[in-house]
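Enquirer: Okay, sequence plus prediction incoming.
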Amino acid sequence: MDIAHIAYDIVIVLITVYTVRHYVFTLNRLYGKQRHPFVDIDTANWPTVTVLVAAHNEEAVISHSLEALVSVSYPQDRIRVVVVNDRSQDSTGEIIETYVKRYPDRIFHFNRKEGKPGKAAALKDATELVNSDVIVVFDADYIPGRGLIKQIVSPFFDPEIGLVMGRVVPINTGRNLLTRLLDMERAGGYQVDQQARMNMGLLPQYGGTVGGVRMATLRDVGGWLDNTLAEDTDLTYRALLRGWKTVYQNRSECYEEVPETWAVRIRQIIRWAKGHNQSLRRYTGEVMTSKNVRFAERLDALLLLGVYAMSSVILLGWVLGIYLFYMGDMKVFGGYLPILALISYSAVGNSAAFFEIAAAVYLDGGKNRLRLLPFNFFNFMISTLSVTRGIVTYALAKPGSREKWDKTQRFRKQSFIVS
């Protein structure tokens with residue numbers, strides 16, 4: 001019984017901390033001073049840029065991304081697009097070659113036919129051939145606007161900035177209920193969570209796509225690691241520990257395709273959970289003891305590392321609460337039962353970022369979407385179970401075993417037209 005009480009108390013503390021975190025970020029985003037220090041730079045002595053487009057069996061989407069990239073408003077003599085074609089077995093390679101022929105001085109085909117699987121390994125191999133000042137990374141289904149590259153690159157005029165992250169916005173929102181829920185979830189994560197951390201001088205997270213990396217930073221931290229499922233989170237923390245800053249550009253929007261079926265969504269969540277918890281295991285100790293990081297940044301970095309672990313904590317709290325109640329050891333008036341009710345409400349209402357989502361939808365001007373907010377309960381529950389499954393399978397994996405990279409399925413048709 002004592003062990004159950006101690007574990008339950010720890011769960012209470014953790015969930016309370018994350019609940020407060022959600023409220024602080026949301027209130028800051030609604031009422032605090034907003035920082036957008038770099039987004040309006042248009043004329044400058046722009047650095048050289050290599051855009052890496054990660055592609056694996058992307059015949060349905062790759063042309064849309066390349067069409068957008070050849071139209072960006074960045075000096076043509078300062079930018080090159082390298083499509084990292086990682087062992088595609090469909091017509092991705094043929095489509096890329098048609099663009100290479102049309103734009104021989106701007107688009108290049110890195111045809112990777114062997115090596116370790118996974119995006120991080122592919123980027124690592126491609127980067128060995130890059131000598132530009134900045135790398136900008138996109139996944140193959142992302143469609144940038146004309147001014148996006150300048151907006152992503154402009155923060156690098158500050159020599160302390162090592163990583164830059166833009167905002168991801170779903171392009172297939174209207175497909176079904178799931179895509180609408182993911183649109184709201186993305187809005188909460190970027191419009192509120194990321195921007196609040198930018199406002200407060202904390203740790204915005206580099207997200208692996210729609211992001212820029214200073215080449216000097218990448219070299220300083222040892223390059224891409226090819227033994228991780230979350231190369232973005234991994235790079236965020238290695239840069240932090242080396243003293244580099246990360247910037248979030250909320251107004252720098254790029255458009256993605258979110259999963260349209262729950263099966264694809266679940267596989268995506270499981271991969272994210274495994275990758276994020278790899279970083280949790282690797283960097284928690286270093287973040288706690290680092291002298292290069294301010295206390296506020298260190299605290300935020302630790303809480304960010306624990307985000308995916310909280311799904312398992314929430315489930316443990318529910319199990320412990322039910323156990324204590326039916327064992328007759330729940331203190332009805334002494335605190336435990338009211339706290340169980342509070343935690344259940346807070347877990348569903350805040351760990352799923354309901355408050356953040358509502359604020360983000362309000363800030364985006366889409367009030368009608370708030371009618372879908374209650375349906376996020378189902379998204380929350382499925383994500384909680386999927387993350388927990390990812391954590392358990394990662395924990396039970398044999399030491400040194402290679403994690404499988406599950407590519408997110410595309411649903412877009414080749415006839416899709418970019419407006």
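Expert: Sure, I can see it.
Enquirer: and the gap between the most centrally placed residue in the chain and residue 217?
Expert: Against the mean C-alpha coordinate of the chain, by CA atoms, centre = their mean, the closest residue is residue 207 at 4.1 Å. As defined by CB to CB, to the nearest Å, residue 207 lies at a distance of 16 Å from residue 217. The way it works is simple: take the backbone N, C-alpha and C, and place the C-beta from them, glycine included.
Enquirer: what about stretch 180-191, average pLDDT?
Expert: For stretch 180-191, mean pLDDT rounds to 93.
Enquirer: what's the spacing between that stretch and its chain's center?
Expert: Computed by CA atoms, centre = their mean, to the nearest Å, the chain-centroid distance of stretch 180-191 equals 12 Å.
Enquirer: likewise stretch 86-97?
Expert: Worked out by CA atoms, centre = their mean, stretch 86-97 lies 26 Å from the chain centre.
Enquirer: before we move on, what about stretch 275-282?
Expert: For stretch 275-282, the distance to the chain centre is 14 Å (CA atoms, centre = their mean).
Enquirer: returning to what we had before: return the backbone torsion pair for the residue nearest to the centre of the chain.
Expert: Note on residue 207: backbone dihedrals following degrees, to the nearest 10 are phi -100, psi 10.
Enquirer: Can you name the residues that contact it?
Expert: 165, 168, 232 (CB atoms under 8 Å, 6 or more residues apart in numbering).
Enquirer: Out of those, which is nearest to residue 356?
Expert: Using CB to CB, residue 168 is the member of the contacts of residue 207 that sits closest to residue 356, with 15.2 Å.
Enquirer: Which strand residues bridge that closest one?
Expert: residue 254 (DSSP bridges).
Enquirer: That one contacts residue 209, correct?
Expert: Yes - between residue 168 and residue 209 there is a contact under CB atoms under 8 Å: 7.4 Å.
Enquirer: Let me know the secondary structure of the residue nearest to residue 177 when sequence neighbours are not counted.
Expert: Using CB to CB, 6 or more residues apart in numbering and skipping residues adjacent in sequence, the residue nearest residue 177 is residue 375, 6.5 Å away. With DSSP: H, G, I helix; E, B strand; the rest coil as the basis, residue 375 sits in helix.
Enquirer: confidence score at residue 375?
Expert: Per the predicted model, pLDDT is 88 at residue 375.
Enquirer: That one: neighbour count?
Expert: Residue 375: 14 surrounding residues under other CB atoms under 10 Å.
Enquirer: now it: how far from residue 144?
Expert: 30 Å.
Enquirer: so residue 95 is in which element?
Expert: Using DSSP states H and E, residue 95 sits within helix 92-102.
Enquirer: And the helix or strand following that helix, what's buried?
Expert: Where DSSP H and E defines the elements, the next helix or strand beyond helix 92-102 is strand 107-112. Neighbour-count burial for strand 107-112 flags 107-110, 112 (criterion: 16 or more other CB atoms under 10 Å).
Enquirer: again, but for stretch 246-258
Expert: Quick answer for stretch 246-258 (16+ other CB under 10 Å): 246-250, 252-258.
Enquirer: now do stretch 57-71
Expert: 57-66, 68-69.
Enquirer: Among those, which one lies nearest to residue 77?
Expert: residue 69 (15.5 Å).
Enquirer: Can you read off the backbone torsions of residue 164?
Expert: Torsion angles, degrees, to the nearest 10, at residue 164: phi -130, psi 140.
Enquirer: Counting neighbours, what do you get for it?
Expert: 27.
Enquirer: what's across from it in the sheet?
Expert: So, taking DSSP bridges as the rule, residue 164 has residue 212, residue 247 as bridge partners.
Enquirer: that older thread, let's see which of the buried residues of stretch 57-71 end up in helices.
Expert: Using DSSP state H, the members of the buried residues of stretch 57-71 that fall within helices are 62-66, 68-69.
Enquirer: Surely residue 14 is in contact with residue 313?
Expert: Yes - with contact defined as CB under 8 Å, residue 14 counts as touching residue 313 (5.4 Å).
Enquirer: Residue 238 touches residue 219, doesn't it?
Expert: No - the pair residue 238 and residue 219 fails to qualify as a contact (CB under 8 Å) at a distance of 11.6 Å.
Enquirer: In terms of packing, which of these two has more residues around it?
Expert: Neighbours per residue (other CB under 10 Å) separate residue 238 from residue 219, with residue 238 holding more: 22 against 10.
Enquirer: Assign a three-state SS to the more buried one, would you?
Expert: Using three-state DSSP, the secondary structure recorded for residue 238 is helix.
Enquirer: Can you check the pLDDT for it?
Expert: Looking at residue 238, its pLDDT reads 96.
Enquirer: List the contacts of it.
Expert: Applying CB under 8 Å, 6+ apart, the residues near residue 238 are 221-222, 283.
Enquirer: how about 7 Å then?
Expert: residue 221 (CB atoms under 7 Å, 6 or more residues apart in numbering).
Enquirer: ok, it to residue 205 distance?
Expert: 13 Å.
Enquirer: cool, and residue 2?
Expert: 38 Å.
Enquirer: Settle it for me: which of those two has more neighbours?
Expert: Shown here are residue 2 and residue 205; by other CB under 10 Å, residue 205 has more neighbours (23 against 7).
Enquirer: Excluding chain neighbours, what is closest to the more buried one?
Expert: residue 236 (5.3 Å).
Enquirer: How about residue 196?
Expert: residue 25 is the one closest to residue 196 (CB to CB, 6+ apart), at 3.8 Å.
Enquirer: so how far is residue 128 from the residue nearest to the centre of the chain?
Expert: Note on residue 207: its distance to residue 128, by CB to CB, is 23 Å.
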